[in-house]
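Q: compute the structure for the input listed below.
(2 chains)
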There are 2 protein chains.
Amino acid sequence: MAFQQSNLAWYTDREMDIRPELDLNSETPLYRQLGGYLQRLIESGDLLPGDRLPPTRELAGQLGLNRTTVSAAYELLEAGGLIKGSVGRGSFVCGVPEREAGGLNWSRTLTSSQTTSTGSVRPGVIDFSASRPSEKLFPVDEFRACCDEVLHSDRLRSLLQLGSPGGYEPLRNYLLQRSGVACPTDDILITNGCQQAVDLLRRALVRPGTKVAIEDPVYPGLRNLFVEAGAELIGIPVTHEGMDLYSLRQALEAGAKVVVLTPSFQNPTGALMLPAARKMIVGMARGAGAVVIENDIYSELSYFGGDAPRLKSLDPSVILLGSFSKIAFPGMRCGWIIAPKPVIARVTELKQLADLHTDQLSQAFLLRFAESGRLETHQAKMIAAGKERLRAVEQASGKYLTDCRFTVPNGGMNLWINLPEGLDSGALRGLAQQAGVDYLPGRYFSVSRPLDSGLRLSFAGLEPAEIRRGIEILGAVIQEAKGTREDLSRPTLAMV
Amino acid sequence: MAFQQSNLAWYTDREMDIRPELDLNSETPLYRQLGGYLQRLIESGDLLPGDRLPPTRELAGQLGLNRTTVSAAYELLEAGGLIKGSVGRGSFVCGVPEREAGGLNWSRTLTSSQTTSTGSVRPGVIDFSASRPSEKLFPVDEFRACCDEVLHSDRLRSLLQLGSPGGYEPLRNYLLQRSGVACPTDDILITNGCQQAVDLLRRALVRPGTKVAIEDPVYPGLRNLFVEAGAELIGIPVTHEGMDLYSLRQALEAGAKVVVLTPSFQNPTGALMLPAARKMIVGMARGAGAVVIENDIYSELSYFGGDAPRLKSLDPSVILLGSFSKIAFPGMRCGWIIAPKPVIARVTELKQLADLHTDQLSQAFLLRFAESGRLETHQAKMIAAGKERLRAVEQASGKYLTDCRFTVPNGGMNLWINLPEGLDSGALRGLAQQAGVDYLPGRYFSVSRPLDSGLRLSFAGLEPAEIRRGIEILGAVIQEAKGTREDLSRPTLAMV
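A: Predicted coordinates for the structure are as follows:
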């Protein structure tokens, strides 16, 4: 999806295909992508010692790349000892240095990747690409105080010893109680953040071919996990009110056995489902015998109150995922699953297989942070800060993104924007970066819809002034792009 | 393997099989195992509302259990509202409470378990069952000092923010250098202990049906991971000098593509491979194009020096796993993989999918602990302590285990003992526990050999006096069992 495949192959003297998949939106420069591709051909034995590589000018022409890009890729390979240039004769494959590949064909040995990279941000750019809190808001003094209390407690020795796969018992009890929706028939597992919660659940629930209904667009880390597991994904379109119920019903009729959704302030759209829709969803899923996984990591970031009931409170069979990553510290990998006991028994077994248990010191630090009341104080600050940022988003968007379609959410960290017709958010990203602003294009979040005109703005990590300035820049980039719409409605890589 | 299956079924009025798998060696009491089994039958719909359960006396007779065990299981189910007793008529299934199973058939929905439980130890028992350091030896003051340094550093904010999937950069660089065997073509990934390292590697290397050669006996957490992945396991017998080379050659000829081993102080045998055997192994694997995974978590616990070269130093294509869990703090889940770059690129991708990254605070704490020289000081103490414990093992075993076969290792935490012929270590365990000592029976570590006469003694977590006393008790239990060999050569659960 995120890849553009060249339509033309280059044949070496041995008539070898050179068809690199180059990702225009990646932060990895094109020359490194091309170099990596050629390196894999050499390591896999598809290119053999003595093979002549095409001259840079010719390969550049065939692939629609700048010649310097190809030259840089060749230099990379030469520096690694994989090819050798000879004046007037071209570049030749030397083969894989013995100590490098160790006699093993790694590209054939390793399982292949199903994921797409989202790239990383350049310094100096106003970065709307990460759905996470600003580290400037971290209450480090309060956190340090909690750590001190734990480190000077009698429990330190046992915290440093091997623990229980289910998690640190005092934290488990605290979270079960805090959730407010756990039934007596429920149990809890502490995971390394919600990402691991989803990983363990897909191991527990998905066999190859299992049909899984997920939001479209969706957080890619969630989509990729199910793709890796061999699930058959059914993308359910998301409006500003969440999953489209009609599409969900169709998916359930088509045999979806797992439904994964974020009813409150969904990532990437910020959508909030209404109470009536929530009731419909659990009812439909129950009727179809499908498992519902409720990803509940944003609901505590409700900026104007009036959040809807959690699905878990409507149906005890719902599997609830939680974490403090969005309201406290994302670097501390600590999340949890609250679910009926048979589910927790199975995922706890899988957790033990995966990594024995979650780091105990961090669990104890977070418990202290929450129990001492410091989490609540901090959460109030985060809500105030989020509200201020949301107001900046609303004002600036209303002023500068007049041609775009969007709905400002009531909580969470993300906003979805649809560009004016004909504009491609992936192609626009390069211009935006040059102008000093970054975001993630819609296609990163796509399940089965193209979403090329959409993009996600994550505002929580930025200062209000940065948000205003960033959206102003983005508005200008969009205006400019509308003038040259022809060029930006398709990828800038020349296709032959 | 660890389960004893009753040969007789009980038929309810609906002619339903009641064939519980009861684990005699589990710490979970039999009544809870039986109760859990019946609960699953009810939740899965195999037992339906209105079904009459067999009278306790009859079921006890059929399953060879004490009647009070069956009664306790029924009470458990009644307390959970799953069955209802009626004086003079027996116990009837009430069905699953609506709020309990939430309309979902969990036992059909969840993927099934491939693992065996090792149970946990009872208080007051001398516990030889855990391969981990004694928490009494943890240098908590030194560790606290490291934490303070990190918590008061400028880095705290960024440590609490989302990090890089590969791990905390300063720790990665430190460990690459410290390893002494990393090539320029290698890279490193920080994992949540070695358990996760193996989990990620099997995702990267194993497809269903991939043949994987592993030691037999082996650490069950390693075996279970590959079983879950659908690998075809080939157990390579381990002698006190490690993997049997002839069997390994056969496995490679039979198509093994991955070889996993612990050349230094293997768990559970304590075996140490000689340098010549190490060279043979990497040579054979290379010739067969097989990947070698070297689990190197015990080599730094060499009590008498003179450790053999790591496989990684003999062949750069070897994948090296490391961790400080055995020399420092097992509760801090921090391990690593050093391997050729293509491998690290793939496992880093899988790591990001699995849980984004390892907890950063812990990584920073451990780095500080190592860099400051405190790890080295502590390691010296651990080696001195290990030596003292090993001496206690050697003396006591020579005195009290005269009928057993064993080799005392030169390092690590574990010792493998073969009981006198005819004795079953699983059946003996109950007697040992009653007498005040616990261990893990050989069958927990089995891949394809029965190993019923073997057992593992993990000595590192105990005081020398406890070791002497524990082995004395064990010796007495063995002597006693030899007198009643008939009864102990098979499980004590009466088989009908």
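Q: the closest residue to chain B within the stretch 301-450 of chain A and B:Asn105, how far apart?
A: Closest approach of the stretch 301-450 of chain A to chain B (CB to the nearest CB) occurs at A:Ser317, with a separation of 2.2 Å. Quick note: C-beta positions are derived from backbone N, CA and C, even for glycine. Distance from A:Ser317 to B:Asn105, counting by CB to CB, to the nearest Å: 10 Å.
Q: assign a three-state SS to the residue of the stretch 301-450 of chain A closest to chain B, would you?
A: coil (DSSP: H, G, I helix; E, B strand; the rest coil).
Q: show the backbone phi and psi for it.
A: Note on A:Ser317: backbone dihedrals following degrees, to the nearest 10 are phi -80, psi -10.
Q: could you do A:Gln266 as well?
A: Per degrees, to the nearest 10, the backbone of A:Gln266 is at phi -60, psi 150.
Q: follow-up on the earlier one: my guess is the residue of the stretch 301-450 of chain A closest to chain B contacts A:Pro340. True?
A: Yes: in this structure, A:Ser317 is within contact of A:Pro340 by CB atoms under 8 Å, at 6.1 Å.
Q: which one of A:Ser317 and B:Asn105 has more residues nearby?
A: A:Ser317 (27 against 14; other CB atoms under 10 Å in any protein chain shown).
Q: so the more buried one versus B:Ser325, what's the distance?
A: In terms of CB to CB, A:Ser317 sits 37 Å off from B:Ser325.
Q: same question for A:Asp127.
A: 37 Å.
Q: higher neighbour count, the two?
A: Per other CB under 10 Å, whichever of A:Asp127 and B:Ser325 has more neighbours is B:Ser325, with 22 against 19.
Q: tell me the contacts of the nearest residue to that one once chain neighbours are set aside?
A: Spatially, and ignoring its direct neighbours in sequence, B:Ser325 is nearest to B:Gly193 (5.8 Å; CB to CB, 6 or more residues apart in numbering or on different chains). If a contact means CB atoms under 8 Å, 6 or more residues apart in numbering or on different chains, then B:Gly193 has A:Asp355, A:Leu356, B:Ser323, B:Ser325, B:Pro330, B:Arg333, B:Cys334, B:Gly335 as its contacts.
Q: at 7 Å instead, please
A: B:Gly193 makes contacts with A:Asp355, A:Leu356, B:Ser323, B:Ser325, B:Arg333, B:Cys334, B:Gly335, as judged by CB atoms under 7 Å, 6 or more residues apart in numbering or on different chains.
Q: in strands only, show me the residues you listed.
A: The members of these that map onto strands under DSSP state E are B:Ser323, B:Gly335.
Q: can you tell me which of the contacts of B:Gly193 are classed as buried?
A: Listed as buried from those are A:Asp355, A:Leu356, B:Ser323, B:Ser325, B:Arg333, B:Cys334, B:Gly335; burial here means 16 or more other CB atoms under 10 Å in any protein chain shown.
Q: show me which of those residues has the smallest pLDDT value.
A: Here the lowest pLDDT out of the buried ones among the contacts of B:Gly193 sits on B:Ser325, with 89.
Q: show me what the helix ranked longest in chain A is packed up against.
A: Longest helix in chain A by number of residues (criterion: DSSP state H): helix A:374-400. Contact here means 3 or more CB pairs under 7 Å, 6 or more residues apart in numbering or on different chains; DSSP states H and E; on that basis helix A:374-400 packs against helix A:140-151, helix A:464-483.
Q: export those as TSV, with columns for mean neighbour count, distance to B:Gly221 and mean pLDDT.
A: As requested, these are exported to TSV (neighbours: other CB atoms under 10 Å in any protein chain shown; distance: least, CB to CB, whole Å; pLDDT from 0 to 100):
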stretch	mean neighbour count	distance to B:Gly221	mean pLDDT
helix A:140-151	18	28	97
helix A:464-483	19	47	95
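Q: quick one: the one helix or strand A:Glu75 maps to near chain B?
A: In this assignment (DSSP states H and E), A:Glu75 forms part of helix A:67-79. No: interface with chain B: helix A:67-79 contributes nothing (CB under 7 Å from any CB of the partner chain), its closest point being 11.6 Å away.
Q: show me what contacts A:Tyr298?
A: A:Thr262, A:Ser264, A:Phe265, A:Lys326, A:Gly411, A:Gly412, A:Met413.
Q: by neighbour count, sort out the buried ones in those residues.
A: A:Thr262, A:Ser264, A:Phe265, A:Lys326, A:Gly411, A:Gly412, A:Met413.
Q: mind checking which of those land in helices?
A: Among the buried ones among the contacts of A:Tyr298, no member falls in helices (DSSP H).
Q: mind listing what the spatially closest residue to A:Arg456 that is not a sequence neighbour touches?
A: In this structure, A:Arg456 finds its nearest non-sequential neighbour in A:Pro268, 3.8 Å apart by CB to CB, 6+ apart. Residues in contact with A:Pro268 (CB under 7 Å, 6+ apart) are A:Pro217, A:Tyr219, A:Asn414, A:Trp416, A:Phe445, A:Arg456.
Q: up against chain B, what does the stretch 351-496 of chain A have?
A: A:Leu353, A:Ala354, A:Asp355, A:Leu356, A:His357, A:Thr358, A:Asp359, A:Gln360, A:Leu361, A:Ser362.
Q: B:Glu421: which of these is nearest?
A: B:Glu421 lies nearest to A:Leu353 out of those, by CB to CB, at 34.8 Å.
Q: which strand in chain A has the most residues?
A: Max-length strand for chain A by DSSP E is strand A:232-239.
Q: what are the pairing partners of the very next helix or strand once past that strand, and which direction each?
A: Per DSSP H and E, strand A:232-239 leads on to strand A:242-243 as the next helix or strand towards the C-terminus. Using DSSP bridges, the strands paired with strand A:242-243 are strand A:232-239 (antiparallel).
Q: now do the partner strand: everything it contacts.
A: Defining contact as CB under 7 Å, 6+ apart, one finds that strand A:232-239 is touched by A:209-217, A:223, A:226-227, A:243-244, A:247-248, A:251, A:254, A:256, A:266, A:269, A:271, A:447-449.
Q: pull out the buried residues from those residues.
A: Using 16+ other CB under 10 Å, the buried members of those are A:210-217, A:223, A:226-227, A:243-244, A:247-248, A:251, A:256, A:266, A:269, A:271, A:447.
Q: A:Asp315 against A:Arg286, yeah?
A: Yes: taking contacts as CB atoms under 7 Å, A:Asp315 lies within contact range of A:Arg286: 6.2 Å.
Q: gap between the two ends of stretch A:128-136?
A: End-to-end distance for stretch A:128-136: 16 Å, by CA to CA, to the nearest Å.
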